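A.B. asks: Give me a 3D structure for the following:
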Amino acid sequence: MAKAKSAPSFPLERVRNIGIAAHVDAGKTTLTERVLFYTGASHKIGEVHHGNATMDWQAEEQEHGITITSAVTQCPWKDHLIQVVDTPGHVDFTIEVERSMRVLDAAVIVMDGVRGVEPQTETVWRQANKFDVPRVVFINKMDKPGADFERVLETIRKRLGERPVPVCIPVIHSKTVLHLVEQNAWEFHGERGEEVVVRDLTADEAEIVAQQRETLLLGLGDFDEDLADKVLMEEEIDADELWSVLARLTREGLVRPAFSGSALRNWGVQPLLDAVLKLMPNPLERPAARGEDAQGEDMLVEMTNDEPLVALAFKVQLLDGRRHVFARLYRGTLKPGDEVMLAGRDMKERVARVFDISANKKTRIEIARAGQIVVLAGLRHASTGDTLCDPETPVLLEPIDAREPVLGLAIEPRSSKDEEKMLEVIRKVTEEDPTLRFEEDEETGQRILKGMGELHLQIAFERLEREFGLQLNVGRPRVMLRESVASSGSARGSVDRVIDGSAGRIELKAEVLVAVEPRERATGVELICEPRWNPADYTPTDDQVQAVQQGAADALTGGPLQGGKLEDVKVTVREVQTFEGAASVQALRIAASTGVREALKDAGGQLLQPIMAVEVVVPDENTGGVLGDLQSRGATIVGHEADGGITSIKAECGLTKLLGYTTELRSQTRGRGQFTMEFSRFDSI
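C.D. replies: Residues are numbered from 1 along each chain as shown. Alright, predicted model coming up:
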C-alpha cells in the first residue's frame, strides 16, 4: 500500500465517473484493460483468458474467466481524470451492476459485434434507465467472422427501443475506424495499438462517411431544430457544433452514440476515450442527488465541497482481510479521523483511513472531495445503501434496493469445532453481498445460504474455502418457495382467559374479525386495518389501534402451509369486539394475530415458486431440440427469432426445472448454446 498523498487536484469539471457494463463475455474487462494501458494507469495489458487482467483480481475471477465483483480504478486522459467501474456481466452478480449504476455519472455499454443486444445487455440497460445514466455504446469484437455494425444498431432499435447514432464506424480489414464527427480515419499501429495515426479520408472512405454522417445528422436533427435546418439547407456543420449537439442529446438520453472496434486487437479504444470527455457529463452536470433532511423533508444535494458531508456507501468488501467501505461523495469533504453519522440509524463512526483504489491496490489520501469514489477503512457498521453524513447536518439519500435470493443450499461445517468460525465468516461475506442471505430453518434446524443462482453460490463457497479456510458440507440446491392463498377466507380471532399473577387477576378478552383474499401476482402483501369497533359508541385509544395493527402484522410473517414468506395477499381487519374494559392492548394483539392466521387457513394456502425469465441463444440447427426440451420442463415459450444463423428463444419457467440446465444445454448444442435467466415473479407451482 502506498503512503498517504493528496487527492488528485482535478476540478470537478474535468472528472468523469463512468461504468463499463455488458452481457457476459462481450469484452468489457478486455476494454477496461486497454483503457488503463492507453491512459498510462497500467504499464501492461492484462488478458482475461490469461487470468492476469488487472480488474479481475480475485482468484475466482481469474479461474472462471468472468468478472464477479465490480472493480474501481482511476486513469488520466488529456488533462482529465476518468474514474472507471468495471462491472460483472453474469446475471447472478447483477447487484454489483445495480449499486455501481447508482453512483455513476455515465456508462459505456459494450456489445458483441456478432450477437448485438444479448439478454444481460437488456438487464444492464434497464438498470442504467432506472438511475437515468447517460450512455454510449462500444460495439466490440468487430474482427470476428459475422460481425456486423449495422445489424447491432438494429438490435438496439428493436430490442431496447433506443435511437443509436453512429460516430465511429469500422473498416474491418484494415483495423481502422472512420470518425463521422471529425471526418477523418484513425489507424492503430504498434504491438498494442498504442500508436494512433489520424489521417485524411481516401475517396472510398469519404463516400462511406458521407452516407453514414447523413444518418448521424438526421438522427440528431430529429431533436434539434437548428441542426435540422442546416441539414436541409445543406450547410456545412463543423465538428465543434456537432459535438455540442451530440453531447446535449446524449446527456438527455435522447440518442445513444455508437463506437466500434476490437479491444482484444487493440483498435477503436482511443476515439472512445476522447468521446467520454466530450459527451459524458461531469459530476456538476448531473442532476442533484435526492434525499431527506432531519425533518424528513425532501431536499436536493448539490455537488460542492463547501457544504457538510453527504456520501453514499455503495459497497462493502474485504481487502487484505479487513473490512472496507466503497463510497461516493456527493457533497463536502472527508479526511481520516472524521466522524460520520449513518443517517437513519442513529449511529456514529469514525473514518480511520481514506484510499484511492485501483482494482485491489489502495493508495492512502489525505482528503476526499465531492465527486470522488473512494474506499474507507475503520467503519464497522456501515453497509450497502447507508448514507454517511456530517453528524450536525443529517441527510438521508435514496437507498439501494437489493433483490431477494431465489436459491438456497443447506450448509454445515465439516468439523464441529468450526461452528463459530462459520457463523462469523458467513456474517462477513453476507455484509459484502446483500443478495446473499443466511438463515436457520426453524423446522429442520438446517443453516441455509441463499443466493441468486447456482454460480452465485458456487463462487461464494469457493471464496469461503480459499480466503477463510472454511470447509463446509453442502446440501442439494433448494428453491426458495413463497406462499399465498388460493381463495378468499375469513375468521374471528378471539382470546378469553384470566391470568393470575403478581400484579393481580388480569382478564384478557377480545375478538377480531379478519378477511383475506388473493391479489394479482407480484403485487405484494397489503394490510388494511380500519375496523369497526364494538360497542358502536366505543372510542379506542391509540395504543389499542396500534395493538390490532401489530397483531395482524405479527401473523403475516409466515404462510399457512410451511410458514414461508407471504406474497400477493390482501388482509382486511373488519371488526373489533372490545367487551367493554376487558379488551386490553395485550388481548387485542393476540386476537388480531389469531384472526389473521385462521383467515389464512380458511382461504387455503398455495405454494409459489420463482418464475424465471429465460433467454436461450443457440445455433439455428439446435432450435427444435432446445424448444422441445424447454417445453418438457414446463416452460412457456414467449417467442423466438432467428438472425445470422443464431436463434434467440425467450421463455418463462419455474426455477425448480432449471437447476443444472446450463450443463444440459451445453450437451445439446456441443457447447455453443448460451443461457441466462432472471427472476420475474413468484407464481403457483
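A.B. asks: Tell me the spacing between the closest residue to Leu180 other than its chain neighbours and Val167.
C.D. replies: Nearest residue to Leu180 in three dimensions, chain neighbours excluded: Arg213, at 4.6 Å (Cβ to Cβ, 6 or more residues apart in numbering). (Glycine included, C-beta is placed from N, CA and C.) Distance of Arg213 to Val167, computed by Cβ to Cβ, to the nearest Å: 10 Å.
A.B. asks: what's the overlap in contacts for these two?
C.D. replies: Leu180 (Cβ atoms under 8 Å, 6 or more residues apart in numbering).
A.B. asks: out of those two, which sits in the busier spot?
C.D. replies: Shown here are Arg213 and Val167; by other Cβ atoms under 10 Å, Val167 has more neighbours (27 against 21).
A.B. asks: Report whether the expected contact of that one with Leu216 is present.
C.D. replies: Yes. Val167 is within contact range of Leu216, at 7.0 Å (criterion: Cβ atoms under 8 Å).
A.B. asks: which residues do those two both contact?
C.D. replies: What both Val167 and Leu216 touch, as defined by Cβ under 8 Å, 6+ apart, is the set Leu180, Val181.
A.B. asks: Check which residues of stretch 339-354 are buried.
C.D. replies: Neighbour-count burial for stretch 339-354 flags Val340, Met341, Leu342, Ala343, Gly344, Glu349, Val351, Arg353, Val354 (criterion: 16 or more other Cβ atoms under 10 Å).
A.B. asks: what comes into contact with that stretch?
C.D. replies: With Cβ under 8 Å, 6+ apart, stretch 339-354 has contacts from 309, 311, 334-338, 364-368, 374-382, 386-391, 394-397.
A.B. asks: which of these count as buried?
C.D. replies: Buried members of the contacts of stretch 339-354, counted by 16+ other Cβ under 10 Å: 309, 311, 334, 336, 338, 364-365, 367-368, 374-379, 382, 386-390, 394-397.
A.B. asks: ok, the residue nearest the centre of the chain to Asp338 distance?
C.D. replies: Closest to where the C-alpha atoms of the chain average out (Cα atoms, centre = their mean) is Glu98, at 1.9 Å. Going from Glu98 to Asp338 by Cβ to Cβ gives 28 Å.
A.B. asks: next one: Val15
C.D. replies: Distance, Val15 to Asp338, by Cβ to Cβ: 22 Å.
A.B. asks: likewise Gly253?
C.D. replies: 36 Å.
A.B. asks: shouldn't Pro164 be in contact with Ala258?
C.D. replies: Yes. Judged on Cβ under 8 Å, Pro164 makes contact with Ala258 at a distance of 4.8 Å.
A.B. asks: Show me the common contact partners of those two, please.
C.D. replies: Val137, Leu153, Ile156.
A.B. asks: in what helix or strand does Thr30 lie?
C.D. replies: helix 28-38 (DSSP states H and E).
A.B. asks: So which elements touch that helix?
C.D. replies: Applying 3 or more Cβ pairs under 8 Å, 6 or more residues apart in numbering; DSSP states H and E, we find helix 28-38 packed against strand 15-22, strand 71-77, strand 80-86, strand 106-112, strand 135-140, helix 269-279.
A.B. asks: Strand 71-77 and that one, what's the angle between them?
C.D. replies: 40 degrees (axes from the mean of the first three to the mean of the last three Cα atoms, to 10 degrees).
A.B. asks: I'd like the mean pLDDT over helix 28-38, please.
C.D. replies: Averaging pLDDT along helix 28-38 yields 88.
A.B. asks: by how many degrees do that helix and strand 135-140 diverge?
C.D. replies: Interaxial angle, helix 28-38 versus strand 135-140 (the same axes, to 10 degrees): 100 degrees.
A.B. asks: Please export the alpha-carbon coordinates of helix 28-38; PDB is fine.
C.D. replies: C-alpha atoms of helix 28-38 as PDB (Å, rounded to 0.1, in the frame of the first residue of the first chain):
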ATOM      1  CA  LYS A  28     -15.800  -5.200 -21.100                       C
ATOM      2  CA  THR A  29     -12.900  -6.200 -18.900                       C
ATOM      3  CA  THR A  30     -10.700  -6.500 -22.000                       C
ATOM      4  CA  LEU A  31     -11.800  -3.000 -23.000                       C
ATOM      5  CA  THR A  32     -11.000  -1.700 -19.400                       C
ATOM      6  CA  GLU A  33      -7.500  -3.200 -19.600                       C
ATOM      7  CA  ARG A  34      -6.900  -1.200 -22.800                       C
ATOM      8  CA  VAL A  35      -8.300   2.000 -21.200                       C
ATOM      9  CA  LEU A  36      -5.800   1.500 -18.300                       C
ATOM     10  CA  PHE A  37      -2.900   0.900 -20.600                       C
ATOM     11  CA  TYR A  38      -3.500   3.800 -23.100                       C
END
